[in-house]
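**Student:** here is my input, please return the structure:
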Amino acid sequence: MKTLFKALLIFGFVLVGVATLLGWGAVHLLGDVPGVHLTIDGDDVIWTSLDLADAFGAGLGLIIAIGVMCLIVPLLLLLGLGLPLLIIGALVLAGLAALVGVGAIVGSPLILIGLVVWLLVRDKPRKAPMAPPAAPVGPAAPHVSNGPHAPTEPTLHA
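**Tutor:** Model prediction:
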């Protein structure tokens, strides 16, 4: 999931950059076209003839507008749409839990009767008969009749 979120974050930054470049290009390419006029307070604004203070004010306004679009609008959408949907989902889940709880209380006698019937009627697994122990494989164990001096294990004495 970390990779997905990183990819979405990078994709979002790329989209913001492309939108900024498109806006800048539209302002500079269409700003001096004879049929396009930007009018503020009844005065025509020509982008190429802006003073330094006017350009600074316009840039500051654009930075504030971009900040609002990147920060405030997503927060408003998250809180305005996401939070009510989350609250409605929580209320629906609480209602379903209440219905299941009431159903368990009301149906508990039937559940207990069903459990008793199932325990009485179910097929009990049958145990397989135990097989007799297998005879040991290998040399026969020494008998007491061989005497106490009979070798029971090979020795390395010469």
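**Student:** which intervals of the chain have sub-threshold pLDDT?
**Tutor:** 31-32, 47, 135-155, 157-158 (pLDDT under 70).
**Student:** tell me the gap between the strand or helix carrying L112 and the middle of its chain.
**Tutor:** Using DSSP states H and E, L112 falls within helix 108-121. Chain-centre distance of helix 108-121: 40 Å, with CA atoms, centre = their mean, to the nearest Å.
**Student:** now P74: how far from V14?
**Tutor:** P74 is 16 Å from V14, where distance means CB to CB, to the nearest Å. C-beta coordinates here come from the backbone N, C-alpha and C atoms, glycine included.
**Student:** and if you look at L120?
**Tutor:** 68 Å.
**Student:** how about L110?
**Tutor:** 61 Å.
**Student:** same question for D44.
**Tutor:** Taking CB to CB, one finds D44 at 35 Å from V14.
**Student:** do the same with L91
**Tutor:** 39 Å.
**Student:** repeat for V73
**Tutor:** 18 Å.
**Student:** next: M69.
**Tutor:** 16 Å.
**Student:** ok, now L50?
**Tutor:** 29 Å.
**Student:** cool, and A90?
**Tutor:** Taking CB to CB, one finds A90 at 35 Å from V14.
**Student:** select the longest helix from this structure.
**Tutor:** The helix that spans the most residues within the chain, counting by DSSP state H, is helix 2-30.
**Student:** strand partners (parallel or antiparallel) of the helix or strand that it is followed by?
**Tutor:** Reading on from helix 2-30 to the C-terminus, the next helix or strand found by DSSP H and E is strand 38-40. Applying DSSP bridges to the sheet, strand 38-40 is found paired with strand 43-45 (antiparallel).
**Student:** which is the next helix or strand following the strand it pairs with?
**Tutor:** Following strand 43-45 toward the C-terminus (DSSP H and E): helix 52-67.
**Student:** for the helix or strand just after that next one, packing partners?
**Tutor:** Counting by DSSP H and E, the element after helix 52-67 in chain order, helix or strand, is helix 73-77. Counting contacts by 3 or more CB pairs under 8 Å, 6 or more residues apart in numbering; DSSP states H and E, helix 73-77 packs against no other helix or strand.
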